[in-house]
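Asks: I would like the atomic coordinates for the input below:
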Amino acid sequence: MTDPEGTDLIDYDDLYRVIRVTRQVTGHSDVIETYGYNAMGALVTNASETTGITLDDQRPRIGASGTAPSAVMAKLNGVAVGLDPVGRITSLNGATIAWDKAGLLASITNGASVETYRYDARKLRVGREPSTGASEYFVYEGDNIVARLDPTGGVSDTYLYDGIDHPLRLTRGGFTYFYELDLAGNVRRLRGPGGTDGGGYRYTAYGMLEASDSGTPLPSLDQALRWKGRWFVNQLGGVYDVRARWWSPALGSFLSIDEFEFEDPNTTLWGWPGQAPYRLRDSSGHGPTCALKCSPASCENRCAGIGQRVVQNCFAEYAKGTVRDPRTGKLSDPDAVQHLIDCVYDTLSRYDLCVAACNGQAPPVFAPKACQ
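Replies: Sure thing, here's the model as predicted:
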């Protein structure tokens, strides 16, 4: 992958997981990143010549003595990583993480400092309220944050995009800055109106920030849109809000299991899709975002048509006394109205997933076959 600063040479293993990245910049020594995975598909080697990360995947065996490789690291840089019974990380880099009843990250406690997060009905993060310092609130257009507000409702920043997670412009205090992205969708540079250089960022494959240098000095402007065009939060050693879940670049995993439990044989329920961050994006936190053959509108129409036919079949089978229980596949009692309700409800749930897939908010496997 080539950009104006240099070239990244990316090596993959037989499962198409990234295992080595060599960064070549004229006039500088090559920078090499190496990656490795355990038998469960979890990232266990997350090494760059400029970032020192050690991972330990050995957790106690359940019902037996000793330890075994885990899908979630037991330690990061020698500090224990807490995990609750439903697969949510509860401590990282010495800070404590609390989750709400909906499975959303509610707060992060680091010593005496507590940072609380607020969400809307779509589970999008709309507020950040630290125990010290000013709170901030977010306005959305679709899935993108288009404004950041102060506690009084005043506008601090506004953003312009040309697609999900593809920012073009930031306006703050009457000044305008433009984003420069690489081919992987990462924000690499900030530019002024006349093309003046505002500094930039370099990342490892899984999103850790590389050390700045004379060629890529850090921006003097502190702004949040960075790796994969997602919102960076300076907590837990640096994490990204990826809508449904949070991503830790140092840990190389999400902080919780995807609620859709999207299964990928090349990774884990916490890992990046396919363990291939250069090839695959995850704009929803639910799974890889891939291009569909249909437009979103055409795709949604197909979802509606399929759903309508299935609902009609539910009623037709009920009228004939042959309604099948969607959970068991067995014929039900013709008087069991509840089974008819379950049949319709199951169809509506699948319709919601279908529409989400059409808009890149769910894995493409849920989209109509004709669009995949």
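
Asks: close enough to count as contact, residue 255 and residue 242?
Replies: No: the pair residue 255 / residue 242 is not scored as a contact, 9.9 Å apart, by C-beta atoms under 8 Å. Where C-beta positions appear, they are placed from N, C-alpha and C, glycine not excepted.

Asks: Now for these two: what residues contact both?
Replies: Residues touching both residue 255 and residue 242 by C-beta atoms under 8 Å, 6 or more residues apart in numbering: none at all.

Asks: Now do the buried residues in stretch 339-353.
Replies: Judged by neighbour count (16 or more other C-beta atoms under 10 Å), stretch 339-353 contains these buried residues: 339-340, 342-344, 347, 350-351, 353.

Asks: right, I mislabeled it, should have said stretch 48-63
Replies: Neighbour-count burial for stretch 48-63, counted by 16+ other C-beta under 10 Å, picks out 48, 53, 55-57, 59.

Asks: just to revisit the earlier point, relative to residue 127, which of the buried residues of stretch 339-353 is nearest.
Replies: The closest of these to residue 127 turns out to be residue 353 (C-beta to C-beta; 27.8 Å).

Asks: Domain map for this protein?
Replies: Following automatic domain parsing, one finds the domains of the chain at 2-59+69-275, 296-371.

Asks: quick revisit: among the buried residues of stretch 48-63, which are located in strands?
Replies: 48, 55-56, 59 (DSSP state E).

Asks: out of these, who's nearest residue 3?
Replies: residue 48 (17.6 Å).

Asks: List the beta-bridge partners for the closest one.
Replies: Here residue 48 sits in beta bridges with residue 33, residue 51, going by DSSP bridges.

Asks: For it, give me its contacts.
Replies: Counting by C-beta under 8 Å, 6+ apart, residue 48 touches 31-33, 204, 208, 210.

Asks: Out of those residues, which comes closest to residue 105?
Replies: Among the contacts of residue 48, residue 208 lies closest to residue 105 (C-beta to C-beta), at 19.9 Å.

Asks: I'd assumed residue 53 was in contact with the closest one.
Replies: Yes: at 7.3 Å, residue 208 counts as touching residue 53 under the criterion of C-beta under 8 Å.

Asks: which residues does the residue lying closest to residue 218 once chain neighbours are set aside contact?
Replies: The shortest distance from residue 218 to any non-neighbouring residue, by C-beta to C-beta, 6 or more residues apart in numbering, is to residue 212 (4.5 Å). By C-beta under 8 Å, 6+ apart, the contact list for residue 212 reads 199, 202, 218.

Asks: ok, now residue 240?
Replies: Residue 240 neighbours (C-beta under 8 Å, 6+ apart): 207, 226-228, 230-233, 246-247, 249.

Asks: cool, residue 58 as well?
Replies: By C-beta under 8 Å, 6+ apart, residue 58 lies in contact with 67-70, 74.

Asks: Try it again at 10 Å.
Replies: For residue 58, the residues meeting the contact criterion (C-beta atoms under 10 Å, 6 or more residues apart in numbering) are 38, 44, 66-70, 73-75.

Asks: now do residue 169
Replies: Residues near residue 169 by C-beta under 10 Å, 6+ apart: 158-162, 176-179, 191, 193.

Asks: State the distance from it to residue 193.
Replies: The gap separating residue 169 from residue 193 is 10 Å, by C-beta to C-beta, to the nearest Å.

Asks: Touching both of these two, which residues are there?
Replies: Residues touching both residue 169 and residue 193 (C-beta under 10 Å, 6+ apart) are 176-178.

Asks: which residues of the protein fall in helices?
Replies: Remark: helices assigned in the chain by DSSP state H are 296-319, 337-358.

Asks: out of those helices, nearest to residue 110?
Replies: Residue 110 lies closest, by C-beta to C-beta, to one member of the helices of the chain: helix 337-358, at 34.0 Å.

Asks: Packing partners of the closest one?
Replies: In terms of contacts (3 or more C-beta pairs under 10 Å, 6 or more residues apart in numbering; DSSP states H and E), helix 337-358 is packed against helix 296-319.

Asks: What is the helix it packs on packed up against?
Replies: On a contact count with 3+ C-beta pairs under 10 Å, 6+ apart, helix 296-319 meets helix 337-358.

Asks: now the helix it packs on against helix 296-319, angle please.
Replies: Per axes from the mean of the first three to the mean of the last three C-alpha atoms, to 10 degrees, the angle that helix 337-358 makes with helix 296-319 is 170 degrees.

Asks: Just the C-alpha atoms of helix 337-358, please, in CSV.
Replies: The C-alpha trace of helix 337-358 is given here as CSV (Å, rounded to 0.1, in the frame of the first residue of the first chain):
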residue,chain,number,x,y,z
VAL,A,337,-51.4,-19.1,18.3
GLN,A,338,-48.2,-18.4,20.2
HIS,A,339,-46.2,-20.3,17.5
LEU,A,340,-47.7,-18.2,14.8
ILE,A,341,-46.6,-15.1,16.8
ASP,A,342,-43.1,-16.6,17.1
CYS,A,343,-43.0,-17.2,13.4
VAL,A,344,-43.9,-13.6,12.5
TYR,A,345,-41.5,-12.2,15.2
ASP,A,346,-38.6,-14.3,13.9
THR,A,347,-39.3,-13.0,10.4
LEU,A,348,-39.3,-9.4,11.6
SER,A,349,-36.0,-9.8,13.4
ARG,A,350,-34.4,-11.3,10.3
TYR,A,351,-35.8,-8.3,8.3
ASP,A,352,-34.1,-5.9,10.7
LEU,A,353,-30.8,-7.7,10.3
CYS,A,354,-31.3,-7.7,6.5
VAL,A,355,-31.8,-4.0,6.3
ALA,A,356,-28.8,-3.4,8.6
ALA,A,357,-26.6,-5.5,6.3
CYS,A,358,-27.8,-3.5,3.3
